[in-house]
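S.K.: here are the coordinates; sequence isn't available:
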Ligand SMILES: Nc1ncnc2c1ncn2[C@@H]1O[C@H](COP(=O)(O)OP(=O)(O)O)[C@@H](O)[C@H]1O
Ligand SMILES: O=C(O)C1=C[C@@H](OP(=O)(O)O)[C@@H](O)[C@H](O)C1
Ligand SMILES: [Mg+2]
């Protein structure tokens with residue numbers, strides 16, 4: 001990544017770790033433009049994530065995420081809250097890291113289940129046993145999320161605490177890049 005005053009910050013991590021909620025607030029604090037990959041894709045496609053999964057399928061959605069990363073936003077000044085599966089595609093962590101800083105938000109399967117169980121807008125969790133599905137997906141995805149520049153625990157911490165931690169870590173990473 002080239003040295004930039006306000007490098008892009010990509011928030012990655014599993015569904016329900018708080019990427020969208022935390023990202024919006026961090027963007028406000030840091031003067032970054034807030035982009036949510038799911039919202040950007042919904043707007044571009046004119047339908048919801050659930051409708052995209054139902055009508056086009058998951059593989060098509062992953063191609064839309066890749067196209068978003070490659071050409072859907074400028075290369076500095078953005079905070080991008082990524083959909084949970086975006087960073088998992090082969091080569092994607094390296095691509096994100098070439099475009100900015102990448103931070104992972106981390107939570108346990110149980111915590112994720114509690115945060116997502118009352119929502120029906122995540123098609124991958126609309127199954128008979130969502131907790132088992134979360135555990136299965138986490139086992140595959142965790143090693144990939146851990147390749148981020150920085151991993152931030154969210155369990156047992158308020159949104160405000162996580163926001164403050166992300167802001168501190170972003171400032172620190174930017175100041176170290178300037179040296
Ligand atoms: N640190 C936290 N503590 C408690 N609840 C949280 C925390 N972070 C996020 N949440 C809640 O979890 C749910 C999922 O958050 P969201 O930002 O949509 O996650 P993601 O974008 O990673 O899927 C929301 O209801 C949000 O308010
Ligand atoms: O983990 C995933 O594969 C997905 C995560 C979702 O975003 P959030 O992580 O913001 O819930 C959304 O992109 C889609 O339902 C698929
Ligand atoms: Mg989200």
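M.R.: Yes, it's here. Just so you know, these numbers come straight off a predicted model, no measurement behind them. Ligands and ions are numbered 1, 2, ... in the order given.

S.K.: which parts of the helix or strand harbouring residue 168 are buried?
M.R.: Under the criterion of DSSP states H and E, residue 168 resides in helix 159-178. By 16 or more other CB atoms under 10 Å, the buried positions in helix 159-178 come out as 162-163, 165-167, 169-170, 173-174. Backbone N, C-alpha and C define where each C-beta goes, glycine included.

S.K.: who touches it?
M.R.: For helix 159-178, the external contacting residues (CB atoms under 8 Å, 6 or more residues apart in numbering) are 1, 3, 5-7, 9, 11, 18, 21-22, 25-26, 29-30, 101, 103, 105, 149-150, 152, 154, 157.

S.K.: switch the cut-off to 10 Å
M.R.: Contacts to helix 159-178, defined as CB atoms under 10 Å, 6 or more residues apart in numbering, come from residues 1-7, 9, 11, 17-18, 21-26, 28-30, 32, 79, 100-101, 103, 105, 107, 149-155, 157-158.

S.K.: ok, back up a step: and of the buried residues of helix 159-178, the nearest to ligand 2?
M.R.: Nearest to ligand 2, judged by CB to the nearest ligand atom, of those is residue 162 at 14.7 Å.

S.K.: and that closest one, how far from residue 44?
M.R.: Residue 162 sits 28 Å away from residue 44, going by CB to CB, to the nearest Å.

S.K.: find the nearest non-adjacent residue to the residue of the chain found nearest ligand 3, please.
M.R.: In the chain, the residue found nearest to ligand 3 is residue 20; the distance is 3.3 Å by CB to the ion. Among residues not flanking residue 20 along the chain, residue 81 sits closest, at 4.8 Å (CB to CB, 6 or more residues apart in numbering).

S.K.: pretty sure residue 5 is touching residue 77, no?
M.R.: Yes - here residue 5 reaches residue 77: they are 8.5 Å apart, a contact under CB atoms under 10 Å.

S.K.: of the two, which one has the most company?
M.R.: More neighbours surround residue 77 than the other of residue 5 and residue 77, with 18 against 9 (other CB atoms under 10 Å).
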